[in-house]
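Predicted model, plus sequence, below.
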Amino acid sequence: MSERLQRNRLVIDEFRSRDGVVGGDFEGVPLLLLTTTGARSGEPRTMPMTYLRDGRRLVVFGANGGRPSHPGWYHNLLADPTARVEVGAEAHPVTAAVIEGAERERLWAQQLLHTPYFKGFQNRAGRLIPVVALTPVA
């Protein structure tokens, strides 16, 4: 298991054991767990990530730490937009939709107010960072 996957596993375990409260680098950061279905494997894939609340929707950003490629979870959601999120002690199904245009710009600007370091991710990535809305399934 890579060091990055190992760190994610530790964050996921802490998140679940403490009802969504995580310390260290993520202390005080709004964090959710997103479980997608692997586009190639068909296996569940869970990733911790920061989010922005927009009404009923939870908005996530495919920054991938400023890497030049989109994160795996983004590719998984393009293949199958149904997923599951865990926020705090609650979990529920969601449907993902990529946000574009003026709405994307509004949400991106709002996120930069909370996480200004995302601007550096955008500069390093050399690609437009995807903005994805996760809408709870009724």
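That came in fine, so what should we check first?

any low-confidence regions in the chain?
Judged by pLDDT under 70, the chain has its weakly predicted residues at 1.

all strands for it, in order.
31-37, 44-50, 52-54, 57-61, 82-87, 90-99, 131-136 (DSSP state E).

To Arg124, which of the ones you listed lies closest?
The closest of these to Arg124 is strand 57-61. By CB to CB, the value is 14.0 Å. Glycine gets a C-beta too; all of them are placed from N, C-alpha and C.

Can you tell me what sits against that closest one?
32, 34, 49-53, 85, 87, 94, 99, 107-108, 111, 118, 129-136 (CB atoms under 8 Å, 6 or more residues apart in numbering).

Type out the PyMOL command that picks the buried ones from these.
Of the contacts of strand 57-61, the buried ones can be selected in PyMOL as follows, counting by 16 or more other CB atoms under 10 Å:
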select buried, resi 32+34+49+50+51+52+85+87+94+99+107+108+111+118+129+130+131+132+133+134+135
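
who touches Ile75 in this structure?
Quick fix: residue 75 is His, not Ile. Per CB under 8 Å, 6+ apart, neighbours of His75: Ala39.

Distance of it relative to Ile12?
His75 is 20 Å from Ile12, where distance means CB to CB, to the nearest Å.

What of Gly62?
Distance from Gly62 to Ile12, by CB to CB: 19 Å.

Select, out of the strands of the chain, the one closest to Leu5.
With respect to Leu5, and counting by CB to CB, the nearest of those is strand 44-50 at 9.9 Å.

The closest one packs against which elements?
Judged by 3 or more CB pairs under 8 Å, 6 or more residues apart in numbering; DSSP states H and E, strand 44-50 is in contact with helix 3-17, strand 31-37, strand 57-61, helix 72-79.
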